[in-house]
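Q: Give me coordinates for this.
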Amino acid sequence: MQGLLLSHRGQPILVDKYLRKAWGEMYMLRIEHPVPDYDSWKRAFDSDPVGREKSGVRRYQILRPVDNPNHVMIHLEFDTLSQAEALLAALRNVWKNVQGKIMMSPQVQIAEIMESRIF
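A: Next comes the predicted model:
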């Protein structure tokens, strides 16, 4: 039997291919940009002006290069491509008001998550 091996309380769990298929497609909106001051940017991010959860974000990650504390990369995961596209449109409206103040020149990409594995 093929499946995905997960762990719960130290015990392995095999999730079969049918359950995994039921989870369906996932999409990631990747955003990357410089920030003049990380703490100010983080406060603005935490204020959540676009309503991430209500917009369909399932999970997000904030990454910062170890050699550049004034740069951030954000990964936002969605169930559907249309959710990712809609949130990106909302973010572009927000960025018009904060460009150059708390963030600069965002680079964005929407990608389909093809595979993810936890070791």
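Q: What strands flank the helix or strand containing Gln109, and is each parallel or antiparallel?
A: Using DSSP states H and E, Gln109 sits in strand 107-112. Sheet pairing for strand 107-112, assigned by DSSP bridges, gives strand 27-34 (antiparallel).
Q: Can I get the partner strand in CSV? Just the C-alpha atoms.
A: Extracted C-alpha coordinates of strand 27-34, given in CSV (Å, rounded to 0.1, in the frame of the first residue of the first chain):
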residue,chain,number,x,y,z
TYR,A,27,-1.6,26.7,-4.2
MET,A,28,1.0,28.9,-2.7
LEU,A,29,1.3,32.7,-3.1
ARG,A,30,5.0,33.6,-2.6
ILE,A,31,5.8,37.2,-1.8
GLU,A,32,9.3,38.6,-1.4
HIS,A,33,10.4,42.1,-0.7
PRO,A,34,12.8,44.3,1.3
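Q: Check which element follows that strand along the chain.
A: helix 38-47.
Q: which residues touch that next one?
A: Contacting residues not belonging to helix 38-47 are listed as Val35, Ile62, Arg64, Pro69, Asn70, Val72, Ile74, Val98, Ile102, Met103 [CB atoms under 8 Å, 6 or more residues apart in numbering]. Any C-beta I mention is one placed from the backbone N, CA and C, and that applies to glycine too.
Q: May I ask which helix or strand of the protein has the lowest mean pLDDT?
A: Among the helical and strand segments of the chain, the one scoring lowest on mean pLDDT, DSSP states H and E is helix 17-23, with a mean of 44.
Q: What mean pLDDT does the strand holding Gln109 get?
A: Averaging pLDDT along strand 107-112 gives 96.
Q: ok, and what's touching it?
A: By CB under 8 Å, 6+ apart, the surrounding residues in contact with strand 107-112 are 25-33, 81, 84-85, 88.
Q: Centre of the chain to it, how far?
A: Here strand 107-112 is found 10 Å from its chain centre; the criterion is CA atoms, centre = their mean, to the nearest Å.
Q: Same check on stretch 35-46?
A: For stretch 35-46, the distance to the chain centre is 16 Å (CA atoms, centre = their mean).
Q: again with stretch 37-47
A: Here stretch 37-47 shows a centroid-to-chain-centroid distance of 16 Å under the convention CA atoms, centre = their mean.
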